[in-house]
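Chemist: All I have is the shape, not the residue letters:
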DNA sequence: TTGTAAGCGTTATCAC
DNA sequence: GTGATAACGCTTACAA
């Protein structure tokens, strides 16, 4: 009950060589159909399971993909992971997952672990305070494919999967302007993160293109938490004149801001229209429902793994593809619709 | 740039034996401090990384824990995973994660993969339609520790981590009764799943203890989705007399039910009081805020990994502990508070 | 405190 | 089609 069955045991049982057993189990073409059949039967009968370590050791390939996420318990990240897992699993890869908890130190440690575990490739969404990618250097220099998604570094060496944040933010803002807003505020995440910088850019561009002046006073930089939404709302209530449109860089924060304003007697969307970002399920729960940018998490995960596997199979070269941009769209709901009804 | 550094290379470099290098790197006590220092330096300098496969192959231990979840993209499951990852990582274990997508077939495949990958231990929350645990037999018979959490099988051989669902449901129902409800309905998940059977039991017991009669008509069995909540609400609107209290087995469904009733002109909680289950973030977004059972996902994950590692270290025996029950509590909010205000 | 040598279970290479 | 043999890189008796 305790000793593992090896290909040697099967070989002995069938009076053939271990080599043939190995070939048989790996569907090598040059092996007699009958023999293969016998090998399979014996293997099942004897409770054989292939030893991945021996195999990895020999083949120098692990069939494992590493993933480093900032936080596991966010709706977006878990959708991404769901997509990754599905594709990876179909292709016979395992996923090793670790979280940086939004700190570089842990990200560095995670990267080292992944490296030591010899993942065939790595997928990373970087932490808030990651400012360079030196800790991924071992991957670069060894040619281990490394793909960044969602939160990607500036570093131009890196292949990235993103949405066009500038464009998405532009669309969101332009929509508010279309609805008649003229005095707009943007609630942003940390401007150290280029993701949020880009959304801010999109916001600015939309204002400019519509001849609305922009000043730094229009931007409230926060950590996008529930609390941040509340305090942003309080700031907004103090503004004179009060803005008539708000574009928030995530839904969690947008919802808490919306609720706080609403409780203060502000009518949404008539006094103030609001647009969020991510299209979390909560957009459909808050009243009025929140307009948002649909951010295709599962697809992003699927795409990330698929691209990585392409590199691994040599079907494409990491160096060539540089940025994959996924489509994102504005989902208009009641929180920003001034006339008539939205879906 | 391509060849990996091994302990042999380091040994040669320092003119000592590979054995000493191995010991040095593993902090073996019987090695000269000076030597260890030199080994560390050379290792860093030469870009050495330990080969986990060779090590696993030799040690017959992988430092890997497998996790099979039904669905990655649920708030509860990702909280659990976050807890698991943190504890596992601290203890030097890696997590291999796969999802069954709620089907036994995939669960069987996942179990096999985990087995073939020789995880040191396995954590499982079973799929909707899993009716027995035969596919985990290889783990049982090899003595590989296997822990079930949240959705656990009936099978008494298994160690499980759960909350007391009967008690939680009892508390939720009793609370509704305290608030003056006398005509109660329970919206349940599939009664094939014992989790939901237990919650139904708790519901029944609470009715019985308060001399309220129970009939099967009080139970609406659904898949607990958003849509299910809507159609359950429609059924409820047709009832005569309409119930005055609803206990729903998850928050997603409870919220959509609440909103549908509310839109139909029913006043919550005065006409109908509602209690959900899970304490998802959405409970604090819907108006009125939803009373719910707080289900400690992160703690459950932490506890699961911690117990597993205890078994692995031989600190405790799987056979002995049988069920770990975590505390859960009722969080009272406005959706069920008839007089005064709730937090 | 250090070294020798065997072995973990595969698979690649070469030979038949 | 099949087989012998040598790695892959590490750990651990056992020996010195």
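Modeler: Yep, that arrived. This is a predicted model, so every value here is computed, not measured.

Chemist: What distance do you get for residue A:192 to residue A:223?
Modeler: Going from residue A:192 to residue A:223 by C-beta to C-beta, to the nearest Å gives 11 Å. Placement of C-beta: from N, CA and C, glycine included.

Chemist: Look up the residues that both of those two are in contact with.
Modeler: Counting by C-beta atoms under 8 Å, 6 or more residues apart in numbering or on different chains, no residue touches both residue A:192 and residue A:223.

Chemist: Residue A:129: how many residues sit nearby?
Modeler: Number of residues near residue A:129 (other C-beta atoms under 10 Å in any protein chain shown) recorded here: 14.

Chemist: give me the number of residues near the nearest residue to it once chain neighbours are set aside?
Modeler: Excluding the flanking residues, the one nearest residue A:129 by C-beta to C-beta, 6 or more residues apart in numbering or on different chains is residue A:104, at 5.4 Å. Per other C-beta under 10 Å, the neighbour tally for residue A:104 reads 16.

Chemist: same thing with residue A:276?
Modeler: Residue A:276 is flanked by 32 other residues according to other C-beta under 10 Å.

Chemist: likewise residue A:30?
Modeler: 6.

Chemist: That one in helix, strand or coil?
Modeler: When classified by DSSP: H, G, I helix; E, B strand; the rest coil, residue A:30 comes out as coil.

Chemist: The helix or strand bottoming out on mean pLDDT in chain A vs DNA strand D: in contact?
Modeler: When each helix and strand of chain A is scored by mean pLDDT, DSSP states H and E, helix A:137-142 comes last, with a mean of 86. No: Helix A:137-142 stays clear of DNA strand D (C-beta under 7 Å from any atom of the strand), getting no nearer than 12.7 Å.

Chemist: in that helix, what counts as buried?
Modeler: A:138-140 (16 or more other C-beta atoms under 10 Å in any protein chain shown).

Chemist: do the same with stretch A:280-299
Modeler: For stretch A:280-299, burial by neighbour count (16+ other C-beta under 10 Å) applies to A:280-299.

Chemist: can it be found next to chain B?
Modeler: Yes: Stretch A:280-299 is in contact with chain B by C-beta under 8 Å from any C-beta of the partner chain, via A:281-282, A:285-287, A:297-298.

Chemist: Just the residues you listed: which are in helices?
Modeler: Residues of the residues of stretch A:280-299 next to chain B located in helices (DSSP state H): A:297-298.

Chemist: Out of the residues of stretch A:280-299 next to chain B, the closest to residue A:314 would be?
Modeler: Residue A:314 lies nearest to residue A:298 out of those, by C-beta to C-beta, at 26.5 Å.

Chemist: Using the three-state scheme, assign the residue nearest to that closest one when sequence neighbours are not counted.
Modeler: In space, and not counting its chain neighbours, residue A:298 is closest to residue A:83: 3.7 Å by C-beta to C-beta, 6+ apart. Here residue A:83 is recorded as helix under three-state DSSP.

Chemist: Look at residue A:83 and report its pLDDT.
Modeler: Residue-level confidence at residue A:83 comes out at 96, pLDDT.

Chemist: Quick check, it in contact with residue A:302.
Modeler: Yes: in terms of C-beta atoms under 8 Å, residue A:83 counts as a neighbour of residue A:302; the distance is 4.1 Å.

Chemist: who's more crowded, the two?
Modeler: Neighbour count, other C-beta under 10 Å: between residue A:83 and residue A:302, residue A:83 has more, with 23 against 20.

Chemist: Noted, bye for now.
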